[in-house]
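> Quick one, structure for this:
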Amino acid sequence: MNTQDAKRVLETALICAQQPLTLREMRVLFADEIGADSLRTLLDELCRDWDGRGVELVTVASGWRFQSRPELREFLDRLNPEKPRRYSRAVMETLAIIAYRQPVTRGDIEDIRGVVVSTEIIKQLEDRSWIEVIGHREAPGRPALYATTTQFLDDLGLASLEQLPALELTGSDQAEALAQVAQASLLDEEAVQEPGAADPQVAAAAEESPGVPVPELAAGHEPASEPAPPAPESEATDKVQSDA
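Numbers count the residues shown, from 1 in each chain. Here you go, the predicted structure:
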């Protein structure tokens with residue numbers, strides 16, 4: 001198979017795929033006759049071929065995918081004018097702390113936020129497949145250690161945690177600093193300001209990556225179904241702790 005034909009096969013598979021494709025999966029397309037280095041060269045060529053067009057080929061944590069360019073999102077949103085899912089500020093603060101301080105326990109998160117972390121907050125993030133338990137700390141009660149997932153990186157359009165915006169904590173209010181960085185991390189869903197959260201200036205971030213994956217544009221392939229909206233969070237369990 002010549003290079004041009006191989007690129008056509010690769011391009012078609014990536015456009016029609018429901019999920020990002022790994023190098024291992026792409027090698028299956030060619031019965032392992034094309035090595036990983038050659039595949040990377042083909043992928044680089046495809047990136048250049050699509051340069052300046054409405055969609056781009058990118059690499060994320062779980063592999064390679066085509067997605068729309070961020071600057072076109074406002075136009076694509078007109079096709080689906082549904083209101084975005086709304087997450088409380090407490091949820092997004094908790095997610096930001098886990099992302100930048102992982103692995104962390106609920107106690108660690110509470111120390112930073114200064115408020116109790118409710119079970120509903122953790123459940124929402126787990127249901128969205130943004131965080132998971134990766135172990136337990138060797139301490140009384142063996143508390144669970146939380147970390148972000150590959151799905152979290154994919155939704156942000158990132159290949160690794162190293163691509164998260166740099167964080168420099170200069171003050172004592174670490175939760176605010178963490179959430180401000182989360183706001184700049186290309187998440188675009190609106191969040192709900194929650195009464196009783198740590199600071200009224202803490203920003204919230206959103207659910208999806210700026211690019212819309214292309215598979216739904218490929219004829220004959222149904223897009224992956226959206227996860228069910230998370231259950232409403234109980235505000236009563238996330239009250240600010242008393243100064244006493």
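
> mind listing the helices in this structure by residue range?
Assigned by DSSP state H, the helices in the chain fall at 3-16, 23-29, 36-49, 73-76, 89-101, 106-113, 119-127, 150-156, 174-183.

> who does Leu145 bridge with?
Note on Leu145: beta-bridge partners by DSSP bridges are Gly135.

> domain assignment for this structure?
Following automatic domain parsing, one gets these domains for the chain: 3-73, 87-210.

> So which of these is the most surrounded?
domain 87-210 (a mean of 18; mean count of other C-beta atoms under 10 Å). Every C-beta, even on glycine, is put in place using the N, C-alpha and C of the backbone.

> is it true that Arg142 touches His136?
Yes - counting by C-beta atoms under 8 Å, Arg142 does reach His136; the two are 4.2 Å apart.

> need the least confident one among the helices of the chain, by mean pLDDT.
Comparing mean pLDDT across those, the weakest is helix 174-183, with a mean of 58.

> hang on, the earlier thing: now the helices of the chain as a markdown table including distance to Leu164?
Listed next are these as a markdown table, based on distance: least, C-beta to C-beta, whole Å:
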| stretch | distance to Leu164 |
| --- | --- |
| helix 3-16 | 25 |
| helix 23-29 | 23 |
| helix 36-49 | 22 |
| helix 73-76 | 20 |
| helix 89-101 | 6 |
| helix 106-113 | 17 |
| helix 119-127 | 16 |
| helix 150-156 | 8 |
| helix 174-183 | 8 |
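
> Of all these, which one comes closest to Val58?
Nearest to Val58 among the helices of the chain is helix 36-49 (8.1 Å), distances taken as C-beta to C-beta.

> which other residues reach that closest one?
For helix 36-49, contacts defined as C-beta atoms under 8 Å, 6 or more residues apart in numbering pick out 3, 6-7, 10-11, 14, 23, 26-27, 34, 56-57, 59, 64.

> again, only using 7 Å
For helix 36-49, contacts defined as C-beta atoms under 7 Å, 6 or more residues apart in numbering pick out 6-7, 10-11, 23, 26-27, 57, 64.

> biggest separation within those, which pair?
Counting by C-beta to C-beta, the most remote pair of the contacts of helix 36-49 is Arg27 and Leu57, 17.2 Å apart.
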